[in-house]
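Q: All I have is the shape, not the residue letters:
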């Protein structure tokens, strides 16, 4: 049994996959045992039992090492200790992916590592601020993960977007959170965790009081939002608390949800743009390759596969009031509410797995990651190429549903 709860509960998709796996094993055993001599059947089953025991031992050792790394991060007294523990954890992630190829398990581990690292960085930064004469925090605060990190899509490349929400501060107290954010960000970057797109509380536009965030998200004094304002607002569906005050977190999430509800009928234009995003297949069913620049002749996995899948699922989740942040959780939530059918849900889950597998491989080869993962089509084997195309066809079907349900019918 996996140490990570990537399949929470007995939903219909997990049940179907389990039945298919067990049925497949039973069929192969039956075919094999039909040609065995008397008594060899038991030897075969004992051999199978031993192999399963070996695999369970691997999982147990891995789980133990992971818990040791997490404990080391939780108690690290210096940045150097954090660097050592985090690098060990990242290597464990890569090794596990090489052995198992499990996207969700690796993402779950990477998120746990980044969250534990961030919590410790926040703690050490707070201690440093107090020792340096700045005193304790002048108001409650929340350090939120945003974007991929908010969606629990951990990455071995260490890309981590975040923002800060704090209580009302005035005068000199307002400078506290600027220095605090700089300190936290410096610790994270020393450990190899940073925002490729510059989404970090170091920048004033990504930190502020709850009232300041309310003003930003409302989109001006008139309260009239442009399509760009609404697209920005939709991104806050990916917000996830990492460290901070639970009460302020609740107030922030309530603000986001109330703005979603208030603008429910204004999201039609966002849905239209999302449903019309270019995917990775051209008119003839070939991969859409870059025509110029340093990546000429390569396929942009982030732009033409992962982003169309993620953004269409996100706008559906916002419109359907599915409060989960992870893509897998959102797909299952949309299935549960009847917005997606079982077959398409399963195809989308497989597409997400296949797309992310290619991205993780690219990150580990250090040829992609971050804002774009570029793949050379000649380096893809036939199975990878077929699964990539099948996944994008599933995304196109998803876009049709988004367009019909939230553009034509609105």
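A: Great, that's in hand. As the structure is a computational prediction, the values presented were derived from the model and not from experiment. Numbers count the residues shown, from 1 in each chain.
Q: Outline the domain layout of the protein.
A: According to automatic domain parsing, the chain comprises the domains 58-266, 271-408.
Q: okay if I get those as CSV plus mean neighbour count?
A: Bear in mind the C-beta positions are built from the backbone N, C-alpha and C, glycine included. Shown next, in CSV, are the domains of the chain (neighbours: other Cβ atoms under 10 Å):
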stretch, mean neighbour count
domain 58-266, 18
domain 271-408, 18
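Q: Between those, which one is closest to residue 24.
A: domain 271-408 (15.8 Å; Cβ to Cβ).
Q: Grab the most central residue of this structure for me.
A: Centroid-nearest residue in the chain, with Cα atoms, centre = their mean: residue 153, separated by 1.8 Å.
Q: so what's that residue up against?
A: 107, 111, 326-327, 356 (Cβ atoms under 8 Å, 6 or more residues apart in numbering).
Q: Dump those into JSON lines; add secondary structure, pLDDT and distance to residue 100 as well.
A: Converted to JSON lines, these look like this (DSSP: H, G, I helix; E, B strand; the rest coil; pLDDT from 0 to 100; distance: Cβ to Cβ, whole Å):
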{"residue": "107", "secondary structure": "helix", "pLDDT": "92", "distance to residue 100": "12"}
{"residue": "111", "secondary structure": "helix", "pLDDT": "94", "distance to residue 100": "17"}
{"residue": "326", "secondary structure": "coil", "pLDDT": "93", "distance to residue 100": "19"}
{"residue": "327", "secondary structure": "helix", "pLDDT": "94", "distance to residue 100": "20"}
{"residue": "356", "secondary structure": "helix", "pLDDT": "93", "distance to residue 100": "14"}
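Q: Tabulate these in CSV, adding columns for distance to residue 282.
A: Putting the contacts of residue 153 into CSV (distance: Cβ to Cβ, whole Å) gives the following:
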residue, distance to residue 282
107, 30
111, 35
326, 31
327, 25
356, 23
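Q: After the helix or strand of the chain with the lowest mean pLDDT, which helix or strand is next?
A: Taking mean pLDDT, DSSP states H and E as the measure, helix 12-33 is the helix or strand of the chain with the lowest mean score, a mean of 66. Under the assignment DSSP states H and E, the closest C-terminal helix or strand after helix 12-33 is helix 40-75.
Q: Please name every helix or strand in contact with that next one.
A: helix 12-33, helix 79-100, helix 103-131 (3 or more Cβ pairs under 8 Å, 6 or more residues apart in numbering; DSSP states H and E).
Q: quick one on the thing from earlier: what's the closest of the domains of the chain to residue 35?
A: domain 271-408 (29.0 Å).
Q: The residue lying closest to residue 405 once chain neighbours are set aside: what's it in contact with?
A: In space, and not counting its chain neighbours, residue 405 is closest to residue 339: 7.4 Å by Cβ to Cβ, 6 or more residues apart in numbering. Residues in contact with residue 339 (Cβ under 8 Å, 6+ apart) are 316, 320, 401, 405.
Q: Let's test this: mean pLDDT of stretch 68-81, rounded?
A: In this model, stretch 68-81 has a mean pLDDT of 96.
Q: same thing with stretch 304-315?
A: Stretch 304-315 comes out with an average pLDDT of 96.
Q: Equivalent analysis for stretch 359-379, please.
A: 72.
Q: Just give me the closest of the contacts of residue 153 to residue 301.
A: Nearest to residue 301, judged by Cβ to Cβ, of those is residue 356 at 9.3 Å.
Q: Look up the closest residue to the closest one, ignoring the ones flanking it.
A: Residue 356 sits nearest to residue 103 (Cβ to Cβ, 6+ apart), 4.6 Å away.
Q: The one you found contacts residue 357, correct?
A: Yes. Shown here, residue 103 and residue 357 form a contact pair, counting by Cβ atoms under 8 Å, at 5.6 Å.
Q: What pLDDT does the model give the residue nearest to residue 356?
A: Per-residue confidence at residue 103 stands at 89 (pLDDT).
Q: Then the one 5 residues further on?
A: In this prediction, residue 108 carries a pLDDT score of 91.
Q: from memory it sits against residue 154, does it?
A: Yes. If you go by Cβ under 8 Å, residue 108 and residue 154 touch, sitting 6.7 Å apart.
Q: still on that earlier bit, so for residue 31, which of the domains of the chain sits nearest?
A: For the domains of the chain, proximity to residue 31 was assessed by Cβ to Cβ; domain 271-408 is nearest, at 23.2 Å.
Q: how far does the closest one stretch from start to finish?
A: Length of domain 271-408, first residue to last, Cα to Cα, to the nearest Å: 10 Å.
Q: Same question for stretch 262-276.
A: End-to-end distance of stretch 262-276: 24 Å, with Cα to Cα as the criterion.
Q: Residue 135 sits in which helix or strand?
A: Per DSSP H and E, there is no helix or strand for residue 135.
Q: Which residues are in contact with the closest residue to residue 90 other than its chain neighbours?
A: Once flanking residues are discounted, residue 90 sits nearest to residue 156: 5.7 Å by Cβ to Cβ, 6+ apart. Shown in contact with residue 156 (Cβ under 8 Å, 6+ apart): 90, 93-94, 97, 106, 110, 360, 363-364.
Q: and what of residue 384?
A: 354, 358.
Q: again with residue 406
A: For residue 406, the contact set (Cβ under 8 Å, 6+ apart) comprises 267-268, 271, 275, 315-316, 319.
Q: Pick out the most distant pair among the residues you listed.
A: Among the contacts of residue 406, 268 and 316 lie farthest apart (Cβ to Cβ), at 13.0 Å.
Q: quick one, phi psi at the nearest residue to residue 264 once chain neighbours are set aside?
A: Distances taken as Cβ to Cβ, 6+ apart place residue 319 nearest to residue 264, at 7.1 Å, with adjacent residues excluded. Main-chain torsions, residue 319, degrees, to the nearest 10: phi -70, psi -30.
Q: Lovely, talk soon.
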